[in-house]
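Participant: Quick one, what's the 3D model for this:
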Amino acid sequence: MNTKWKLFLIATLAFPAQQVLSQDWMVPSDHTALTNPSEYNLENIKKGKELYTRNCQSCHGDPGKNNPLALLPLPVDIASERMHANSEGDLFYKITTGRGVMPPFESTISENERWKLINFIMNFKPGGNQLLVDAPPVKVKLLASVNENKSTVEILAEREDAESTGLENAPVIISAKKTFGNIELGRAITNENGRAEFTIPENVIGDEEGYVSIVVSMGDGYDAHEVALEKAKVGKNKVVPRLIKGEVLWSTNNNIQLWLLLSYISAAGGAWLVIGYAIYQIIKIKKLSKSS
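Facilitator: I've put the predicted structure just below:
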């Protein structure tokens, strides 16, 4: 097949797909009329931002910067007039069902969170009431320690632009360091002196001796180095099943797997057969040498 025919075939196959993708995304009228039950406030918008960063930003890009991933069709900037030509019900329907390269989020993002995601999108509506503004992060000096007797983490957050000034009403995140990343244990809010105390949940599991490595960090909008508190004895002992009993060379542990036991018996038996055969051949050779 020559080059011209190849190009013709590619264009013929691609044209219907392009036509389908370029069609308007029709939303049922009963969905278009839906209104957002989630209150449009700063807290819900911030939660929507977290959801957008985790699920949408890799394709749609940064709001207002028109830097989407090069897909077909091109993902729409959430701060554009084209995006805000949709009603809140339209956006909810499209986020829920997906289309083409955009996956449906019905099973991965809860209904309540999808509405909060729309709150974040509506924050960029042209001429709207923008509650979340990209201000420079507040630089914070973060200190923390663990009280093992009380199973608490004690925190002090101070502004770096003012000498010894406690940071009030700042969100602090307390996590447990694990092999494949940190697991959030909970959050605390600093008081008027910049101090906070977090009680570690009783169900936190540490290593075999109950040690847990705690990580303390700041929430969105703050610039602070996280504090790592290594090996704090504040967790439950991790139970690790052992296949072989300690200080026993040949264990009769009930946890041993049948395939492992059979493999060992087969290998040991095979080794003894080889040794026996070798001894038999040596004896046979000696008898033959005597008879000759």
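Participant: After the helix or strand of the chain with the lowest mean pLDDT, which helix or strand is next?
Facilitator: One helix or strand of the chain scores below all others by mean pLDDT, DSSP states H and E: helix 3-22, with a mean of 46. Per DSSP states H and E, helix 3-22 leads on to helix 29-32 as the next helix or strand towards the C-terminus.
Participant: Determine the set of other helices and strands touching that next one.
Facilitator: helix 88-97 (3 or more CB pairs under 8 Å, 6 or more residues apart in numbering; DSSP states H and E). Quick note: C-beta positions are derived from backbone N, CA and C, even for glycine.
Participant: List the buried residues of the helix it packs on.
Facilitator: Under the neighbour-count criterion of 16 or more other CB atoms under 10 Å, helix 88-97 has 88, 89, 90, 91, 92, 93, 94, 95 buried.
Participant: top helix in the protein by residue count?
Facilitator: Once the chain is assigned using DSSP state H, the helix that runs over the most residues is helix 258-291.
Participant: can you pull the buried residues of that helix?
Facilitator: Going by 16+ other CB under 10 Å, helix 258-291 has no buried residues at all.
Participant: Quick one: mean pLDDT for it?
Facilitator: Averaging pLDDT along helix 258-291 gives 84.
Participant: where are the low-confidence patches of the stretch 1-150 of the chain?
Facilitator: The model of the stretch 1-150 of the chain has pLDDT under 70 over residues 1-23, 135.
Participant: Kindly report the domain assignment for the chain.
Facilitator: 21-122, 138-233 (automatic domain parsing).
Participant: now those as CSV including distance to residue 258?
Facilitator: Formatted as CSV, the domains of the chain follow (distance: least, CB to CB, whole Å):
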stretch, distance to residue 258
domain 21-122, 39
domain 138-233, 27
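Participant: Who are the packing partners of the longest helix of the chain?
Facilitator: Partner elements for helix 258-291 (3+ CB pairs under 8 Å, 6+ apart): none found.
Participant: Tell me how far that helix lies from the chain's centre.
Facilitator: Distance of helix 258-291 from its chain centroid, counting by CA atoms, centre = their mean, to the nearest Å, is 56 Å.
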